[in-house]
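Undergrad: What would the 3D arrangement of this be:
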Amino acid sequence: MAQQQLFEAVQALYHHPDEKVKKQANEWLEAWQQAPESWQVSTSVLEASDGSTEAQYFCAVTLRTKVQRDFEELPNAAVPQLRDTLLHLLVKHGGSNAPIRKQLCLAIAGLVAHVPAEQWGPTGVLGWLVSRMQHEQQDLALKCLLELLTILPQEASSHRPAIRPERRRQLTAEMTACAPQAIALLTDCLKKHGKQNRAEVLEAFKEWLRTSATLIKTPDMASHPPVELIYATSAKGSPAPDVLPLVQVLVGAVMSLRGQFTAAVQQAQAAQLANPEDAHTAGEDDEAAKGMARLFAEVGESYTDLIASGDPAAMAPVEALLQVASHPDDGICSMSFSFWHRLSVHLTSSFSSGRKSRSSSQDGGKSAQPVDRRELFKPAFRHLVSLIQERVKYPAGFDKWQKDDRADFKDMRYAVADTLCDAAHMLGGSETISHLSQPLQRVSSTVASGGQFEWQAAEAALYCIRSVHKVTPPSGDGWLLALFRSLPDLPPEPELRYTAAMTISDYADWLGATFRSGKGQDILPLLLQMLVAVLGQKDAASAGALALRNLCDSCGDQLASCLDSLLQLYRQMQSAGAAGHSNGLTLSEDDIQQMGVAVALAVSSLPVSQRRAGLQAMLDPVLTPLQQLVQQLPASAQPPTGQQTTGTGRHPQAAQSALVLALVDRLTVVFRHVDEPEAVAEAFGKAWPTIAALLDRFQGDPDAMERITRAPRYALRRTGKSGAVLLPVLYNSLPSHFARVQHSCLLYVASELIKVFGNDPAQNASLGKMLEQMLGSAARNLRNLQAFSDKPDLADDTFLLAGRALHYCPASIATSSLLPLLLESATQGLLVQHREACQSWLSFLTRLCVCGALPVGRIPDICDALFAILKVGLTLLGPVSIQCMTYATASTHPSRSSEPWRDKQ
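TA: Here you go, the predicted structure:
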């Protein structure tokens, strides 16, 4: 019956015309894969011959995933049988179906990951496989063994098998120890069966070299036939490894291809000139160039240390990879980027033999110690910058490209930006920006002579300058100041304005330092005016909002004269976003919040005496409409179903609720970012009745509750002890709301209260009463595993709050009414399949046991709970959890032992 259901589901998944039926079949199959019975059914289907190919393949995939993820379901006695079954199925299907063969090989590799080497016999994993395969038909055995030899090292370095960290380290060591045996097997295969299986042998050989990198450092490796073959075929002529060291053979053989590659580059450049529209598209003739470029890149990446030593004999790969970077095809060019990154890091990082640390310091953080070698490679990096900076330029007709092509081009821009940053660390900020600014100078000269402004060239130059913002020149640099002075005059092209705004955003710290040094303060109002204009451009508004935020953060102390304009903009944007009125601003709700942060940071930079007025100016445009809307909301803010909608397809009540929540988010921004605790406490007191009303109206919407409770959370963080005047209201309101609807976000607000006021003895009684009401209610609803599984967030925040209370005010937890409830709840949640919830209760119990403020009378209760947990967990939990709980149990031993404790020992 189970097999028939499986066959029907697979048939529906692959062949049914109805997408809904396919989705249902997929969901059923996913659930079936999780069931324990799938082990046996999958094996039976693969053993039989009457199943479809799709069903057999699905069962092979199921076995692979079960071995990788659910291996611990099996008893230890079943492992040898599973091992024999997998090998038998591999032999059965290995010669006829390559996809099934690969899945079964992955399953065997997963089994190797779980089962230590000593359990495979004295000859290890490879010896066991060879001994079992030698009795099978030769071609079939060879095919299966080569696939296994390829997959075993791949899986050893992956994280697909669900094994513990200690076992993963053991597996890596086992595979490294197996490498010589694997190399010997592959060498024997190549000698005896090289003509038929050369590609498979070389692929497996490559994987084992990656697993055990130390092998390639020994000169005697050159005598292995696979090594000879790799280098001979790469260089189109056999080198002499018996005369030269392996590295010299490799580099010399690969570098001999440079002449061919140069011809390929010239041919591609000529083709590009003939057809400029294909500048970013590879042709069929580039396949040979790709192969050679990949070889150059692999040599450079493998021997970066040797190249970085500056030995003239090792400089050929640098020149070859500059040729790669000059190829018109973006894909080929980008093959060199990893090498340039490695070389730059090697020459500038403190992790390489005491070199200067790579940081965001100005002008690249020049250091005296490695200057000789850096100077040696600077010409190469200058050439690299000139080769790749033009690749970020938007090509003609870009807006007509296919979506995937546009995405590939933008990915290339990101890659070029990273490589330019690597070059800037080598050259220094001033020199790099000098190189990158040359296209801007050419555009300026063209416009000055009456030519047309080429916005694509200007945008590309700005993008490149933006990409090196982590390696800035000294503050006050004249050329960079002139650049920012010219930005407001740029034409209103969306892409150009977007990049200009992002450049301001990334250089905000540099601008702040420059303004504080007394230079360029007149630029700030011009930049603000430009960014406000950018907010009106749909495609650039998000960049403008982010730039305003970062500029206000870095230059807040310079904005006093501009604050009125910022507050006017703040009031204007309140009608945008969820409110639905643009007022000339094309802002999303995220953009409005960014702008709110910007104004809040500017207000926080005011003198203390002026911040209260600034806070009030931010609060009124948000709180007043919010209070009005709350009065209009029904008792439940859930929009009724089946009623008339607006022309936009949204129910009017849904639009109203969305606006309310947007205003709450804006209010949260004010509480979070205005640095004036006393004023925020006063504002929070005014806003609390509105917040409490919203908690009542949205109590059936968990997402809305989460957004609403952020406001009190951040208000409490900001106010600190200044919020003490609100405590009586919060002590009564929070338990009341939590009693009506047990949302975990309310526990988080209580947790903030504990963090701020928990160490105040005067508040212990009130906090204890609040905790007893809220935690007691939560614990009473978490009395079985199903409750934990249904409400993992509630369980997580319950024990997080209890743990925090133990840290700040332990006496409030160790009460006769609350502690037993928490311990009983923790015992029931032992097996919950939720990482955060599990960690929270485990952390709570551990902290409970080491808390010195617990009365001795509570220790027997703790011991009862811990022993109950250990009794279940000893067979079902991992050793780490048991070790932690054992430590916790031992920690409860009092100085004067009680009889119940003695009995349990």
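Undergrad: Need the three-state assignment for S158.
TA: coil (DSSP: H, G, I helix; E, B strand; the rest coil).
Undergrad: What pLDDT is listed against it?
TA: Looking at S158, its pLDDT stands at 82.
Undergrad: how close does it sit to V67?
TA: With the distance defined as CB to CB, to the nearest Å, S158 ends up 14 Å from V67. Quick note: C-beta positions are derived from backbone N, CA and C, even for glycine.
Undergrad: More neighbours: which of those two?
TA: Using other CB atoms under 10 Å, the more surrounded residue of S158 and V67 is V67, with 25 against 14.
Undergrad: Can you give me the buried ones in the helix or strand hosting the more buried one?
TA: Assessed by DSSP states H and E, V67 sits inside helix 53-69. For helix 53-69, the neighbour count (16 or more other CB atoms under 10 Å) marks 55-68 as buried.
Undergrad: got the CA coordinates for that helix in PDB?
TA: The C-alpha coordinates for helix 53-69 follow below in PDB (Å, rounded to 0.1, in the frame of the first residue of the first chain):
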ATOM      1  CA  THR A  53      12.700   5.400 -13.300                       C
ATOM      2  CA  GLU A  54      11.300   8.500 -11.600                       C
ATOM      3  CA  ALA A  55      10.200   6.500  -8.500                       C
ATOM      4  CA  GLN A  56      13.600   4.800  -8.300                       C
ATOM      5  CA  TYR A  57      15.400   8.100  -8.600                       C
ATOM      6  CA  PHE A  58      13.200   9.600  -5.900                       C
ATOM      7  CA  CYS A  59      13.900   6.700  -3.600                       C
ATOM      8  CA  ALA A  60      17.600   7.100  -4.200                       C
ATOM      9  CA  VAL A  61      17.300  10.700  -3.300                       C
ATOM     10  CA  THR A  62      15.300   9.800  -0.200                       C
ATOM     11  CA  LEU A  63      18.000   7.300   1.000                       C
ATOM     12  CA  ARG A  64      20.700  10.000   0.400                       C
ATOM     13  CA  THR A  65      18.800  12.600   2.500                       C
ATOM     14  CA  LYS A  66      17.900  10.100   5.200                       C
ATOM     15  CA  VAL A  67      21.500   9.100   5.600                       C
ATOM     16  CA  GLN A  68      22.700  12.700   5.600                       C
ATOM     17  CA  ARG A  69      20.100  14.100   8.000                       C
END
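Undergrad: now that helix: how far from the chain's centre is it?
TA: 29 Å (CA atoms, centre = their mean, to the nearest Å).
Undergrad: How about residues contacting it?
TA: With contact meaning CB atoms under 8 Å, 6 or more residues apart in numbering, helix 53-69 is reached by 6-7, 10-11, 13-14, 29, 33, 38-39, 41-43, 45-46, 51, 73, 82, 86, 89, 93, 97, 99-100, 103-104, 106-107, 110-111, 113-114, 160-162.
Undergrad: Please pull out the lowest mean pLDDT helix or strand from this structure.
TA: Lowest by mean pLDDT, DSSP states H and E among the helices and strands of the chain is helix 899-904, with a mean of 33.
Undergrad: now the stretch 601-750 of the chain, which segments are flagged as low pLDDT?
TA: Along the stretch 601-750 of the chain, the parts satisfying pLDDT under 70 run over 635-653.
Undergrad: ok, 90 please
TA: By pLDDT under 90, the low-scoring segments of the stretch 601-750 of the chain are 606-610, 630-659, 699-701, 723-726, 740-742.
Undergrad: Then the stretch 201-350 of the chain?
TA: Using pLDDT under 90, the stretch 201-350 of the chain drops low at 201-261, 264, 267-316, 346, 348-350.
Undergrad: Kindly recompute the last result at 80.
TA: Residue ranges of the stretch 201-350 of the chain with pLDDT under 80: 201-254, 256, 272, 274-287, 302-303, 306, 311, 313-314, 349-350.
Undergrad: And for the stretch 351-500 of the chain?
TA: For the stretch 351-500 of the chain, the stretches with pLDDT under 80 are 351-372.
Undergrad: mind listing the helices for it?
TA: Secondary structure of the stretch 351-500 of the chain (DSSP state H, counting those that start in this stretch): helices at 371-388, 403-427, 429-436, 438-448, 455-467, 478-486, 494-506.
Undergrad: burial count for S817?
TA: If you count neighbours by other CB under 10 Å, S817 ends up with 8.
Undergrad: Likewise for D305?
TA: 13.
Undergrad: ditto for P761
TA: Neighbours around P761, by other CB under 10 Å: 8.
Undergrad: same question, R466
TA: If you count neighbours by other CB under 10 Å, R466 ends up with 20.
Undergrad: ditto for S131
TA: By other CB under 10 Å, 11 other residues sit near S131.
Undergrad: I'd like to know which elements the host helix or strand of it is packed against.
TA: Taking DSSP H and E as the definition, S131 sits inside helix 124-133. If contacts are counted by 3 or more CB pairs under 8 Å, 6 or more residues apart in numbering; DSSP states H and E, helix 124-133 sits against helix 79-93, helix 138-156, helix 165-211.
Undergrad: pLDDT (mean, whole number) over it?
TA: For helix 124-133, mean pLDDT is 87.
Undergrad: Quick one: distance of that helix to the chain centre.
TA: 40 Å.
Undergrad: quick one: the helix holding V67 to helix 138-156, angle?
TA: Computed by axes from the mean of the first three to the mean of the last three CA atoms, to 10 degrees, the angle separating helix 53-69 from helix 138-156 equals 40 degrees.
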